[in-house]
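Asker: okay, predicted coordinates and the sequence, questions at the end:
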Amino acid sequence: MNDIDIISQLSDLKEIDYRNTLAIASIIEVLVDKGIINRNDIAIKAKQLDSMSAEEIKIMRTKRY
């Protein structure tokens, strides 16, 4: 792989990251606007998930289903 390919792939990843962030922000805004959640709920959950390991998150998800 040459430098141009790597730069192109990085650019693509930045675009994908932007689109994913936009989608998540949009979903949050709709949920807040509809009164389903509030920003404090999001902050608490983000802090909780940030403190967990990937394995703990995986276990938490499997317990729900």
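Answerer: Happy to help now that I have it.
Asker: show me where the protein has helices.
Answerer: 3-33, 39-51, 54-64 (DSSP state H).
Asker: could I get the ones you listed as JSON lines with mean neighbour count and mean pLDDT?
Answerer: Any C-beta I mention is one placed from the backbone N, CA and C, and that applies to glycine too. Below are the helices of the chain laid out as JSON lines (neighbours: other C-beta atoms under 10 Å; pLDDT from 0 to 100):
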{"stretch": "helix 3-33", "mean neighbour count": "10", "mean pLDDT": "92"}
{"stretch": "helix 39-51", "mean neighbour count": "10", "mean pLDDT": "92"}
{"stretch": "helix 54-64", "mean neighbour count": "9", "mean pLDDT": "79"}
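Asker: residue 2 and residue 51, how far apart?
Answerer: According to C-beta to C-beta, to the nearest Å, residue 2 stands 41 Å off from residue 51.
Asker: quick check: the gap between residue 47 and residue 4.
Answerer: Between residue 47 and residue 4 the computed distance is 41 Å (C-beta to C-beta).
Asker: correction: residue 16
Answerer: 19 Å.
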